[in-house]
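Participant: Got a sequence here, can you build the structure:
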Amino acid sequence: MKKVISTERIPIKLWLDDIEDGALKQVKNLANLPFAFKWISVMPDSHQGYGMPIGGVMATEDVIIPNAVGVDIGCGMCAVKTSLTDIDTETLKKIMGEIREVIPVGFKKHEEEQDGTLMPEVCTDDWYIDYPLCSGENYNALKSLGTLGGGNHFIEIQKGSDEFIWIMIHSGSRNLGFKVADYYNRLAQKLNERWKSGVPKEWELAFLPIESEEGQAYLREMQYCVDFALANRELMMRRIIDIFISTFPNDKVLDRFHFENCNSDMINIAHNYASLENHFGKNVWVHRKGATLAREDTIGIIPGSQGTKSYIVKGKGNVDSFMSCSHGAGRKMSRTAAIKDLNLKDEIEKMDKQGIIHGLRNQKDLDEASGSYKDILEVMKNQEDLVEILVELQPLAVIKG
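Facilitator: Numbers count the residues shown, from 1 in each chain. Take a look at the predicted model:
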């Protein structure tokens, strides 16, 4: 931890020195909410978001805040370690080309509905009443299953410090999560105004009581989006592995993980969700917005920016962060500023010098260039008390959304 701010109703614990003014203002708003529990934790990748900064962790008593989860509910990372130790450049280019053929990126989705049995299971007698947003979006969700999305989402092929080739995906719940987040945030705003809740509207932190019908409905649909985001990553990973298997027919492509607490071939960790957890002897709702679980021995993923290292980590269970860590490097420039101010030639040279196969082609691509992100090495140093690094991953090839 870098410092503690004690000027608000509850303390603010920060794992960074360089928090921007907008994010700091948002954190202070969080710390003055009457139902915020113990303190607010701010991860080293933090930057301004809507209502709550990205990289923020907050526990609440008896309420849920849609904007403290975010619009891409369930967004997260997954990674698979292959048994391969090397891939030549031409083979990598071939693999990346085949990935683009089977995984739509950006706003694109599949023309046909995908396998419905992969969708999250629900236990209800009336799907349309208990899950009004998710059921209404089911047709689009079936076409979005197994798609990358845009923004900072990516697919990378990486070489690990363990000498093995890794596959990593960053993606979320696509338009489904946005629809759910937007609907329940607007609903919370209307109800808060009706109740005269005392939470200023301009804070963008409208809440829903957990025991209310609206709160329970949000929790159901939020969890559905978390599960859908995982199914989305799993389908993409399955198709990428199939490409690897067809490319290396004489090799055993997959190796089962040897990390404690990993009982499958894929590491998965979400970073936009809320969950009921016990901290300091009390059950509270921990909101992680751009932050990941780092409970003791939990295996997680912290990606860098395009062209920088990513990390497989093990949580240390630090109670000061509500057992959380950063979800990535974190932006230091807005997308607009990056497109306007970064030098395209310089950013391309950074990637080319490392021999990374990438898609940086024009000025508008600079919104996701490494120059728009914080230094991942500094971010990792700032959270040495939160996680232990198990494997460093150097990018070989990347597809951005």
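
Participant: Identify each buried residue in the longest helix belonging to the chain, please.
Facilitator: Longest helix in the chain, counting residues (DSSP state H): helix 213-247. For helix 213-247, a neighbour-count test (16 or more other C-beta atoms under 10 Å) marks 215, 217-237, 240-241, 243-244, 247 as buried. C-beta coordinates here come from the backbone N, C-alpha and C atoms, glycine included.

Participant: Over to stretch 163-177?
Facilitator: Here stretch 163-177 shows 164-177 as buried, counting by 16+ other C-beta under 10 Å.

Participant: What residues does residue 114 make contact with?
Facilitator: For residue 114, the contact set (C-beta atoms under 8 Å, 6 or more residues apart in numbering) comprises 142-143, 145-146, 235.

Participant: Roughly how far does residue 287 sit from residue 375?
Facilitator: 27 Å (C-beta to C-beta, to the nearest Å).

Participant: Which of the two has more residues huddled nearby?
Facilitator: residue 287 (26 against 15; other C-beta atoms under 10 Å).

Participant: so what's the more buried one closest to, chain neighbours aside?
Facilitator: Nearest-residue entry for residue 287: residue 68, 3.9 Å, with adjacent residues in sequence omitted and distances by C-beta to C-beta, 6 or more residues apart in numbering.

Participant: ok, now residue 200?
Facilitator: residue 29 (7.9 Å).

Participant: Let me know the pLDDT of the one you found.
Facilitator: Here the pLDDT value assigned to residue 29 is 98.

Participant: mind listing what it touches?
Facilitator: Shown in contact with residue 29 (C-beta under 8 Å, 6+ apart): 51, 200, 203, 205.

Participant: where do the helices sit along the stretch 301-401 of the chain?
Facilitator: In the stretch 301-401 of the chain, the helices defined using DSSP state H, counting those that start in this stretch lie at 335-341, 344-353, 376-382.

Participant: ok, and for the first one, which residues are buried?
Facilitator: Read that as helix 335-341. Neighbour-count burial for helix 335-341 flags 338-339 (criterion: 16+ other C-beta under 10 Å).

Participant: Just give me how far that helix sits from the chain centre.
Facilitator: Chain-centre distance of helix 335-341: 22 Å, with C-alpha atoms, centre = their mean, to the nearest Å.

Participant: what mean pLDDT does it have?
Facilitator: The predicted model gives helix 335-341 an average pLDDT of 94.

Participant: List of residues touching that helix?
Facilitator: With C-beta under 8 Å, 6+ apart, helix 335-341 has contacts from 333, 363-364, 366-369, 371-372.

Participant: The residue nearest to residue 287 touches residue 52, doesn't it?
Facilitator: Yes - the pair residue 68 / residue 52 is scored as a contact, 4.5 Å apart, by C-beta atoms under 8 Å.

Participant: what's the overlap in contacts for those two?
Facilitator: Residues touching both residue 68 and residue 52 by C-beta under 8 Å, 6+ apart: 30, 58, 205, 287, 289.

Participant: Closest one of those residues to residue 93?
Facilitator: Of all the shared contacts of residue 68 and residue 52, residue 289 has the smallest distance to residue 93: 36.4 Å, by C-beta to C-beta.

Participant: Contact partners for that closest one?
Facilitator: By C-beta under 8 Å, 6+ apart, the contact set of residue 289 is 49, 52-57, 68-70, 271-272.

Participant: so can I have TSV of the residues you listed showing secondary structure, pLDDT and neighbour count?
Facilitator: As requested, those are exported to TSV (DSSP: H, G, I helix; E, B strand; the rest coil; pLDDT from 0 to 100; neighbours: other C-beta atoms under 10 Å):
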residue	secondary structure	pLDDT	neighbour count
49	coil	94	20
52	coil	97	28
53	coil	97	28
54	strand	97	24
55	strand	97	33
56	strand	98	27
57	strand	98	27
68	helix	98	30
69	coil	98	28
70	coil	95	27
271	coil	97	29
272	strand	97	29
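
Participant: Return the member of those residues nearest to residue 347.
Facilitator: Closest approach to residue 347 among the contacts of residue 289 (C-beta to C-beta): residue 54, at 22.1 Å.

Participant: any idea how far residue 301 is from the residue most central in space within the chain?
Facilitator: In the chain, the residue lying closest to the centroid (C-alpha atoms, centre = their mean) is residue 76, at 3.4 Å. Between residue 76 and residue 301 the computed distance is 8 Å (C-beta to C-beta).

Participant: list residues touching both of the two?
Facilitator: Residues within reach of residue 76 and of residue 301 at once, by C-beta under 8 Å, 6+ apart, are 269, 292.

Participant: hmm, back to that, and the contacts of residue 114, which of them are in helices?
Facilitator: Members of the contacts of residue 114 lying in helices (criterion: DSSP H): 142-143, 235.

Participant: which residues touch residue 373?
Facilitator: Contacts of residue 373 by C-beta under 8 Å, 6+ apart are 304-305, 308, 328-333.

Participant: where does the closest residue to it other than its chain neighbours fall, phi/psi-wise?
Facilitator: Closest residue in space to residue 373, ignoring its immediate chain neighbours: residue 305 at 3.5 Å, by C-beta to C-beta, 6+ apart. With angles defined as degrees, to the nearest 10, residue 305 sits at phi -90, psi 180.
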